[in-house]
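> when you get a sec, could you give me coordinates for this:
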Amino acid sequence: MNIHFIAIGGSAMHNLAIALRKKGHTISGSDDEIFEPSKSRLEAYGLLPENTGWDPGNIHKDLGAVILGMHARPDNPELKKAQELELPIYSYPEFLYAQSKDKTRVVIAGSHGKTSITAMVLHVFHFHGLSCDYMVGAQLEGFETMVNLTDENEFILLEGDEYLSSPLDRRPKFLHYKPNIALLSGIAWDHINVFPSFEAYRAQFDLLLSAIEPGGALVYNALDEEVVHAVNRAKNEIKTFPYRLPEYSISAGQVFIESTEGAIPLAIFGKHNLNNLEGARWICNQMGVTDEQFYEAIPSFKGASKRLEKLEGTPFDVFKDFAHAPSKVRATVHAVAERFPKKKIRACLELHTFSSLNQDFIDQYAGSMEAADVPIVFFNPKVLQHKGLPALSKDEVQKAFAHPHLSVCNGREELINLVKDGLDKHTVLLLMSSGNFEDIDWLKELG
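Predicted structure coming up:
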């Protein structure tokens, strides 16, 4: 099939393009900006567009499918040409479903933890030489690309995002997958630009549970009250399997999980990660992997990229994390504080998303940094302008987080000085952001 990607540079889009190229399809694509690592990966497979921008000439009647990314606008000239030619137009979740409708679809969903749980399951499969199709949003160690599509695999493991599918399709991505097996890790309000109230956001997960195929299975986090309420509201005929925090201990900084195989040492830490691990174990069971196999593989799991990832090459303990929503920030800071009870925790959060910079949402961060000894919040006023949001003052941020020792800054050099001031071997530094801290080279600054 000839397939064209509009906005091929997206994280999921470029990985899907590569997977379809490997499967033998003829792939073309376009975008008005492509960043790393998408650029290098597309180039390696001969898929990097020769020119940036949109060209209706890319669209012709011989295309079997056009896949539309969220980065494109509804008035995109290539999209308009595809509509004029009445070509089949898909969002990437729609196309993934079309490629997997004869497989057993396993969907990992939730406001937090879905990438880590998906990564854990894939790690166990990879460890034992097992194969499944998959789509995951973060780069994982040992995997070249994050989409795998075959004709022969029985299962496809999908990270289920609740965000919009495409500029033309305002439904959450995970609704397209129609799971046979699903996991729901947590429900905590996010994406205020799309879901202006918690009720609207919560309703999307009700829709997900109703989309599970009849007779399917739901693995769910029984420690999350909102998840439990959603499960109790569900009316379709499905099997349910609750999971909770497993028994664990910490000795000399090493985390051990109690299992049927005895005490198992882990490379990851934090209650939220151990809770995720239990969810991953249940999903592995549903996919035919035994507990014995799971516990054999999981000690070597080091985490997904930017999920409490240790920054090597500095004289201090430094961790990077993707945490940006309030529930993620709270869980991540508490995890570091529990792991290092005798050290000071210096936690720095960049406000970068539409929700985090929104005056109607920022109060959700109250108490999220309470476990930090030295909490720092950074935001760039230019990002607010770019997102069309009203200006946000330091005082408003200070009040929202409700931490008496919080420092708020919005200058690059000011941030570097705040982070480095008083940093020593008795301190753990935690850097949290879904952005990039103004491209600060922390290894250079801290090394």
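> for the stretch 1-150 of the chain, what spans make up the strands?
Using DSSP state E, counting those that start in this stretch, the strands of the stretch 1-150 of the chain run over 2-6, 26-30, 65-68, 89-91, 104-109, 133-135, 147-148.
> buried ones in stretch 165-181?
The neighbour-count check on stretch 165-181 (16 or more other Cβ atoms under 10 Å) flags 165-167, 169, 171-181 as buried. Backbone N, C-alpha and C define where each C-beta goes, glycine included.
> first-to-last residue distance for that stretch?
Start-to-end span of stretch 165-181 (Cα to Cα, to the nearest Å) is 21 Å.
> quick one: mean pLDDT over it.
Taken as a whole, stretch 165-181 has a mean pLDDT of 96.
> any low-confidence regions in the stretch 301-447 of the chain?
Of all residues in the stretch 301-447 of the chain, none has pLDDT under 70.
> give me that answer again for 90
Scanning the stretch 301-447 of the chain for pLDDT under 90 picks out 303-307, 323, 386-387, 422, 434-436, 447.
> over to the stretch 151-300 of the chain?
Low-confidence segments of the stretch 151-300 of the chain (pLDDT under 90): 193, 252-253, 260-261.
> ditto for the stretch 1-150 of the chain
Applying pLDDT under 90 to the stretch 1-150 of the chain flags the ranges 36-37, 71, 137-145.
> show me where the stretch 201-350 of the chain has strands.
Under DSSP E, counting those that start in this stretch, the stretch 201-350 of the chain gives strands at 217-221, 239-243, 248-251, 254-259, 262-266, 309-310, 317-321, 344-350.
> the closest residue to residue 260 other than its chain neighbours: neighbouring residues, count only.
Distances taken as Cβ to Cβ, 6 or more residues apart in numbering place residue 291 nearest to residue 260, at 5.9 Å, with adjacent residues excluded. When neighbours are counted by other Cβ atoms under 10 Å, residue 291 registers 14.
> can I get the strands of the stretch 201-350 of the chain in a markdown table including distance to residue 8?
Formatted as a markdown table, the strands of the stretch 201-350 of the chain follow (distance: least, Cβ to Cβ, whole Å):
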| stretch | distance to residue 8 |
| --- | --- |
| strand 217-221 | 34 |
| strand 239-243 | 37 |
| strand 248-251 | 43 |
| strand 254-259 | 40 |
| strand 262-266 | 38 |
| strand 309-310 | 27 |
| strand 317-321 | 27 |
| strand 344-350 | 27 |
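> need the contact list for the residue lying farthest from the centre of the chain.
Distance from the C-alpha centroid of the chain, by Cα atoms, centre = their mean, peaks at residue 61 (35.8 Å). Listed by Cβ atoms under 8 Å, 6 or more residues apart in numbering, the contact partners of residue 61 are 85, 87.
> quick one, longest helix in this structure?
Assignment by DSSP state H gives helix 271-286 as the longest helix of the chain.
> can I get the CA coordinates of that one in CSV?
The C-alpha trace of helix 271-286 is given here as CSV (Å, rounded to 0.1, in the frame of the first residue of the first chain):
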residue,chain,number,x,y,z
LYS,A,271,5.4,3.4,45.6
HIS,A,272,3.9,4.5,42.3
ASN,A,273,6.4,2.4,40.4
LEU,A,274,5.8,-0.7,42.6
ASN,A,275,2.1,-0.2,42.1
ASN,A,276,2.7,0.0,38.3
LEU,A,277,4.8,-3.2,38.6
GLU,A,278,1.8,-5.1,40.0
GLY,A,279,-0.4,-3.9,37.2
ALA,A,280,2.3,-5.1,34.7
ARG,A,281,2.4,-8.5,36.4
TRP,A,282,-1.4,-8.9,36.0
ILE,A,283,-1.2,-7.9,32.3
CYS,A,284,1.7,-10.3,31.7
ASN,A,285,-0.5,-13.1,33.2
GLN,A,286,-3.3,-12.2,30.8
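> mind checking how far that helix is from the chain centre?
Helix 271-286 sits 16 Å away from the centroid of its parent chain (Cα atoms, centre = their mean, to the nearest Å).
> contacts for it?
With Cβ under 8 Å, 6+ apart, helix 271-286 has contacts from 106, 108, 112-113, 116-117, 120-121, 124, 181, 183, 185, 217, 219, 221, 223, 241, 243-246, 248, 255, 257, 266, 268, 291, 293-294, 298, 303, 307-308, 331-332, 334-335, 338.
> recalculate using a threshold of 6 Å.
Under the contact criterion Cβ atoms under 6 Å, 6 or more residues apart in numbering, helix 271-286 has outside partners 113, 116-117, 120-121, 124, 181, 183, 217, 219, 241, 243, 245-246, 248, 294, 331.
> buried ones in it, by neighbour count?
For helix 271-286, by 16+ other Cβ under 10 Å, it's 272-286.
> quick one: residue 364 and residue 326 touch, right?
Yes. Judged on Cβ atoms under 6 Å, residue 364 makes contact with residue 326 at a distance of 4.5 Å.
> with neighbour numbers in mind, choose between the two.
A direct count of neighbours by other Cβ under 10 Å for residue 364 and residue 326 places residue 326 higher, at 26 against 21.
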